[in-house]
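> Task: produce atomic coordinates for the following.
(chains A and B)
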Amino acid sequence: MSNIDYVRHMPAGNQLSTPRRDPHIHFDPWLIVLLLALMTYGMIVLYSAVDRDLDVLLAQGSRFVAGLVLMVIIAQFHPRIYLRWAPLIYLAGLGLLVAVLVAGTSVNGSQRWLDLPLLPRFQPAEALKLGGPLMVAWYLHDRPLPPSLKDVVVSLLLALIPAALIVVQPDLGTSILVTGAGLSVVVLAGLYWRWVGYALLAAAAAAPGMWYLLQDYQRRRILTLFDPESDPLGAGWNTIQAKTALGSGGLFGKGLFAGTQSRLEFLPESQTDFIIAVIGEELGLAGIALLLVLYLAIIGRAFFLASSSASSFGRLVAGALTLTFFVYVFVNIAMVSGLLPVVGVPLPLISYGGTSAITLLAGFGIIMSAYSHRSW
Amino acid sequence: MAPSLAIKDTSAERNRFSRRTLTLYVLVLGAMALLIGRMVQLQVVEHETYKTRSEDNRIQLQPIPPPRGLIYDRHGVLLADNKGVASLSIVKERAGDLDATIDRLRSLVPVSDDEVASFRKRLDQRRRPLQPVALKVTLSEEEQAVLAVNRHDLPGVQVDTQLLRHYPFGELFAHVVGSVRRVNESDLQRLDPVRYTGTNFVGKRGLESFYENSLHGQVGYRKVEIDARGRIRRVVDEQPPTAGMNITTHLDSRLQIAASAALGERRGSIVAINPKTGGILAMVSQPGYDPNSFVTGISSAEYQGLVTSLDVPLFDRAARGRYAPGSTFKPVVGLAALSYGKTDWQDTIDDKGFFQLPGQERIYRDWNWTARNAGGQGTVDLRRAIYRSSNVYFYDMGSRLSIDELHEFASQFGYGSVSSIDVADAQPGLLPDPVWKYGAKGEPWYPGDNVNLSIGQGDLLVTPLQVATVATLIANRGQWVRPRLMLSSDAPLLEYDPPEPLGPVLGPSPQDWENIVDAMEDVVHRGNKGYGNNGTAWAYVGMDIAYRMAGKSGTAQVVEIRQGEEYDEELLDEYNRKHAWFMAFAPADNPTIALAVLVENGGGGSSVAAPVAKEVVDAYLLPQLAER
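Numbers count the residues shown, from 1 in each chain, chains lettered A, B, ... in the order given. Okay, the predicted model is just below:
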């Protein structure tokens, strides 16, 4: 990069020619190949987890296709457009969240869905997974970085307002992801590690107080994390059965389609949140290692794309979305293997379920857009 | 837009961002390493634990109870078989609200309060988890249909067809065949838990109890894969059960029916044995009970009725009832006196109607002394003493024999011991001797005890089975065959472990045996000799008989008057009346049946018990004679 010195003194937002020319179609072939590999792996495992139900596989496949198309479309728009629309997307998302609380549809005791005429039923919280980091990046993109304390506080508020609206649905999993996405922007913006340390200390101190804010079922999940055997047929069931599935898989697993824990319905949510237990049971440690390698490659490539982005806004948004993707992976696997309490976080691009896959792929579209558009 | 005070340094920002992402990527790698570490712990280190747990999750062993062996009579008539019966049971763990389920069931099919009560009782007992507990046995087809229609909203309710024991003759063989009853808590501690998984009934009483081990069979199992809701997905392995052994008995259901009919409504017992084989042909104890009611469930009121009845219907008189043998003991005493040289067939005594021990005041009376005031039977030899049943003659013999001689000789006939092979809970009765008497009563043996003993009174106690055994032994002229019920089985049975064969009765000569049989024939056949000279039973059975029967009557004083119980005077009178005995065998020269008849509180042996015996022997011999 011989033009670094030249760029350094230029004010932000200036239109400059870059050494790389914009391609005709904006996308990153490496990332797409890795995503396709992950999704193929996911489809194979899902086919086994649903006991060779082709309908489920087709539904998942068509969502993946829709998501990929959406991803490529999103990648074609210039990051400027997302910068311009960020506040609107954010505010619209907040509005929908309020609408959910007022007029949402209840499923399994949580009010998460919105039924609007002419639209398929959807979870507005998903939109905030993108809208949240976009908004924080919008706020920080033209401020001096590392951010000042004031900017950090404002950013945190921007992240926590939607998270608060989501946690009362209640949907702790999505709320964590939305908060994580917002925080990721701040961390990537160069937040002093010192402040991160202070925040962690403060969180530890506040933890006992938080306890009282939790719902009964959430407390129970945390307690059973430490001692699942205390309620083996109730709250401990999921964790025990998931660990049994994983552990019984051993090094190379029982073989695809041969997992007894999932096939005999001992494993709950085996096609959605707990699908990694199916991988662990049927393909063993080897299958899980392969999965983690794919995730690491995707995250690595996405980080590279983020740091190669032309604009501050693009870098922040792309980096934050990548980090969120990782949080997804980590929280899900840690939860299934009994390291974290059970929260509803799917395994990205493997678990069955439409909204999250489409949001994730849309996110990768934004990452590609940020990388691929060389000019600002 | 941006505040102009701080200059935004784009290039530095880009560098800082790159460092940040690198740092974060290292953190991501660390987090992934943590996850892999966790997976290694679960999938490698603790693999065995979870592998076992996953197997335990899905594999369940289900017992398949074996069909119980069948019991036949000698002609192949079923005495105990198995019938498929639909029953209604509840798995408590799956039922949710148990009371609501029971209420719902009761609105669909009739379930009595008794059934609910015993269901709750069984529910409280120790049982295996997820084991269904029977609520109602025997569902009609209509009831089954109603339950099938409503199956979906009756969680935990099962209708299964199981093989239930069925006794086609009901009360007739209740005691000798016995019955199965529901396994209770004390049985669970006693029975092999593996063999009896899946078995709800166990043999109690009679053959069912004695041959339980062989009748039960070997439990099979089905290894099934179940899902989280307990539904069977697949049978992994199956080991079919081995059916219990079928047993054919010596019992003759036609003779049993005839014997039961001969006793009629009277309380008592009949035991008939084939002297050639020792096979028990008939074994009746009345009153009885319907053993089927113990299988399908007996109401507590009904059960209490059986337990508290003065007639003790649950009690097997034939093998367990202990009675004084009365005069049926006299042939044995006569043979003893012959054996020890205390008398011979020519020896006579003068029967004045009573007997006194030398130097003692006490008068031992003849049985008809008061009745007839006849002053005795005059000159009496052993033969006459048997057919006239002279007490005085045997008093005399009793005083001539020492108790040791009498005890040793009588022991050879099975008094005081169990000689049958496979009669469950057969009682030994009691053959008293000085040691026993001192131990039980703290008194020495008096000469008077000999006198009482010699006419089958005193402390001597026998069961009807033992008296029939004595009849068999005399019929065989002293050659022993042990009484037995089983004729044959599918394969040798573990329980059938016959004790050493008993040697012949030592002492009497072959002529003695023939003479005693002749004397016993006179009991039945000596007639038209004028008053006081006929056999005691001739008038009742001897005038119209198609074969030669040897017999001996007995009239036993009631030894156990049940005291301290409430019953009315009339009953007391009846229950204090003497027991009537008759032992017999026929045809006398080549016996094919030997039997003992006991009519409780029946009165005279010859008048009451002998006609019953003849009716039974008629039923057995007349068809055989007709064939010839």
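
> Residue in chain A with the shortest distance to chain B?
Here chain A gets closest to chain B at one residue, A:Gly247, 2.5 Å apart by Cβ to the nearest Cβ. C-beta coordinates here come from the backbone N, C-alpha and C atoms, glycine included.

> what sits against residue 246?
Using chain A. Contact analysis of A:Leu246 by Cβ atoms under 8 Å, 6 or more residues apart in numbering or on different chains lists A:Ile276, A:Ala277, A:Gly280, A:Glu281, A:Val336, A:Ser337, B:Met39, B:Leu42, B:Gln43, B:Tyr50.

> Switch to chain B, please.
For B:Asn246, the contact set (Cβ under 8 Å, 6+ apart) comprises B:Gly69, B:Leu70, B:Ile71, B:Tyr72, B:Ser489, B:Asp490.

> if I look at it, how far off is B:Val176?
17 Å (Cβ to Cβ, to the nearest Å).

> Could you do A:Gly236 as well?
Taking Cβ to Cβ, one finds A:Gly236 at 58 Å from B:Val176.

> and what of A:Arg80?
104 Å.

> Among those two, which residue is more densely surrounded?
Between A:Arg80 and B:Val176, counted using other Cβ atoms under 10 Å in any protein chain shown, B:Val176 has the larger neighbour count: 28 against 16.

> Narrow the contacts of B:Asn246 to just the buried residues.
With burial judged by 16 or more other Cβ atoms under 10 Å in any protein chain shown, the buried subset of the contacts of B:Asn246 is B:Gly69, B:Leu70, B:Ile71, B:Tyr72, B:Ser489.

> rewinding a little: can you give me every residue that contacts the residue of chain A closest to chain B?
For A:Gly247, the contact set (Cβ under 8 Å, 6+ apart) comprises B:Leu42, B:Gln43, B:Glu46, B:His47, B:Thr49, B:Tyr50, B:Lys51, B:Arg53, B:Ser54.

> just checking, the last one touches A:Ala242?
If I follow you right, that is B:Ser54. No: B:Ser54 lies out of contact with A:Ala242 (Cβ atoms under 8 Å); the separation is 11.4 Å.

> Please confirm that A:Pro170 is located within a strand.
No: A:Pro170: not assigned to a strand; according to DSSP: H, G, I helix; E, B strand; the rest coil it is coil.

> Which pLDDT value goes with it?
The model reports A:Pro170 with a pLDDT of 80.

> Also A:Tyr6?
43.

> What count of nearby residues applies to the nearest residue to A:Leu285 once chain neighbours are set aside?
Leaving out its chain neighbours, the residue that sits closest to A:Leu285 by Cβ to Cβ, 6 or more residues apart in numbering or on different chains is B:Gln43, at 4.6 Å. The number of residues packed near B:Gln43 is 27, by other Cβ under 10 Å.

> where do the strands sit along the stretch 351-500 of chain B?
B:354-355, B:364-365, B:378-381, B:486-489 (DSSP state E, counting those that start in this stretch).

> Of all those, which one is nearest chain A?
Comparing the strands of the stretch 351-500 of chain B by Cβ to the nearest Cβ, strand B:486-489 comes nearest, at 44.5 Å.

> and the closest one, how far out from the chain's middle?
On the basis of Cα atoms, centre = their mean, to the nearest Å, strand B:486-489 sits 17 Å off its chain's mean C-alpha point.

> For it, which strands pair with it and how are they oriented?
Strand B:486-489 pairs in its sheet with strand B:247-249 (antiparallel), by DSSP bridges.

> ok, and what's touching the partner strand?
So strand B:247-249 is in contact with B:69-74, B:76, B:79, B:207, B:211, B:214-215, B:280, B:485-489, B:493, going by Cβ under 8 Å, 6+ apart.

> ok, of those, which come out buried?
The neighbour count (16+ other Cβ under 10 Å) marks B:69-74, B:79, B:207, B:211, B:214-215, B:280, B:485-487, B:489, B:493 as buried among these.
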